[in-house]
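Chemist: fold the stuff below for me.
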Amino acid sequence: MDLLRVVVLGMTLVSARAGVVPAAPLAAFPAPAAYAAFPAPFTAPVAAPVAVTKLDYADAYPQYQFAYTVQDALTGDSKAQEETRDGGVVKGSYSLIEPDGVRRTVNYYADPVNGFNAVVQRDVPVVKAFPAAPLLKAAPISAYAV
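Modeler: Numbering: from 1, shown residues only. Have a look, this model is predicted:
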């Protein structure tokens, strides 16, 4: 029973310190037989309102351009991306090798009037032709006779 009182006291002190349950003296806790009528319900802390400020951007006409490629012969990873922005218009593309070996290329364009538009293209994989194996002729049936 003493361990239970220590645990309850510790939880109450931690909660009171966090501002969740008001601190109560040890004498306010009921006897172990009366724990069903725990005195104080737990309440969630109330968050203070936060003032929102409007940000002013220095660049009224943003422009940027970037590109990268990855060609890793060890893992077979092959991908690329490029994008440009001129004011509210963004143009770009990216490509990658899918698990089946086909290169997928996505060309996209976005602006405030038309929104985001993308065109997906899958390149046809190059199939290597192997020469046919020579046909084997079966021995005549008379060769198998006993």
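
Chemist: how about the helices in this structure?
Modeler: Counting by DSSP state H, one finds helices in the chain at the ranges 2-18.

Chemist: please parse it into its domains.
Modeler: Domains of the chain are assigned by automatic domain parsing as 2-37, 63-122.

Chemist: least confident of those domains, on average?
Modeler: The minimum mean pLDDT among the domains of the chain belongs to domain 2-37 (a mean of 57).

Chemist: so what's the closest residue in space to residue 82 that isn't next to it in sequence up against?
Modeler: Nearest non-adjacent residue to residue 82, counting by Cβ to Cβ, 6 or more residues apart in numbering: residue 67, 3.7 Å away. Backbone N, C-alpha and C define where each C-beta goes, glycine included. Going by Cβ atoms under 8 Å, 6 or more residues apart in numbering, residue 67 touches 80, 81, 82, 83.

Chemist: report the separation between the residue lying closest to the second one once chain neighbours are set aside and residue 59.
Modeler: So that's residue 81. Leaving aside its chain neighbours, residue 81 sits nearest to residue 94 (4.0 Å; criterion: Cβ to Cβ, 6+ apart). Going from residue 94 to residue 59 by Cβ to Cβ, to the nearest Å gives 25 Å.

Chemist: repeat that for residue 91.
Modeler: Using Cβ to Cβ, we find residue 91 at a distance of 19 Å from residue 59.

Chemist: these two: which is more packed in?
Modeler: Legend: neighbour count by other Cβ atoms under 10 Å for residue 91 and residue 59, higher for residue 91 (15 against 7).

Chemist: pretty sure the more buried one is in contact with residue 64, am I right?
Modeler: No. The pair formed by residue 91 and residue 64 falls short of the contact definition of Cβ atoms under 8 Å, at 11.6 Å.

Chemist: need the overlap of contacts for these two.
Modeler: Residues touching both residue 91 and residue 64 (Cβ under 8 Å, 6+ apart): 83, 84, 85.

Chemist: redo those residues as a markdown table? Include neighbour count and distance to residue 141.
Modeler: Shown next, in a markdown table, are those (neighbours: other Cβ atoms under 10 Å; distance: Cβ to Cβ, whole Å):
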| residue | neighbour count | distance to residue 141 |
| --- | --- | --- |
| 83 | 15 | 71 |
| 84 | 13 | 75 |
| 85 | 16 | 78 |
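
Chemist: done for today, thanks.
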